[in-house]
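>>> Predicted model, plus sequence, below.
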Amino acid sequence: MLTTKLFLGFGVFVLGSFSFENPFSTDNYIDLNTETAVVSKLQSPGKEIYADFCMQCHGVNGKGDTKTFPPLAGSDWLKNKRNQSITAVKFGQSGEIIVNKIKYNSSMPAMGLSDQEVADVMNYVMTSWGNKQTKIVTEKEVAAIKK
């Protein structure tokens, strides 16, 4: 009886570990010939990081607020100050900055992200909410940024 229960339990465990998802589904492949697909690929890992670390202050739509948290959507600071933007995500930001002609003087703590995570979230932000980046942020580029 005990042997039968153990055998059945092991069988359920093994069967439960198999995925019944169709590996040939088009959802598992990205057509790199379209701009939308490339943007989607860039956004994928960064979207989760943004939701975990950034959304609380900058909002779901990246608009921040007009007093404390600067917008990421349509941000001239992100577009024109690439290295400073990467530095802010990597090491945190304090002191006055001007974003879209509005002064912000609050602080953003360092989030403790790896260089790859910084690159991923930067690529998400720089391709979301109407932001159009022409050059992706790489892990190597982030690693070269020093405090």
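Yep, it's here.
>>> Every contact and neighbour count from this point should use C-alpha atoms.
Fine.
>>> Report the buried residues of the host helix or strand of Gln56.
Element membership for Gln56, per DSSP states H and E: helix 55-58. Within helix 55-58, the residues that count as buried by 16 or more other Cα atoms under 10 Å are 55, 57-58.
>>> now these in a markdown table, with distance to Glu141?
Output for these, formatted as a markdown table (distance: Cα to Cα, whole Å):
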| residue | distance to Glu141 |
| --- | --- |
| Met55 | 24 |
| Cys57 | 25 |
| His58 | 24 |
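>>> is it possible to export these to TSV including pLDDT?
Listed next are the buried residues of helix 55-58 as TSV, based on pLDDT from 0 to 100:
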residue	pLDDT
Met55	93
Cys57	92
His58	94
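>>> follow-up on the earlier one: what mean pLDDT does the helix or strand just after the helix holding Gln56 have?
Toward the C-terminus, helix 55-58 is succeeded by helix 76-80 as the next helix or strand (DSSP H and E). Here helix 76-80 scores 91 as its mean pLDDT.
>>> Tell me which residues of helix 76-80 come out buried.
77-79.
>>> same check, this time on stretch 61-79
So stretch 61-79, judged by 16+ other Cα under 10 Å, has buried residues 62-64, 69-75, 77-79.
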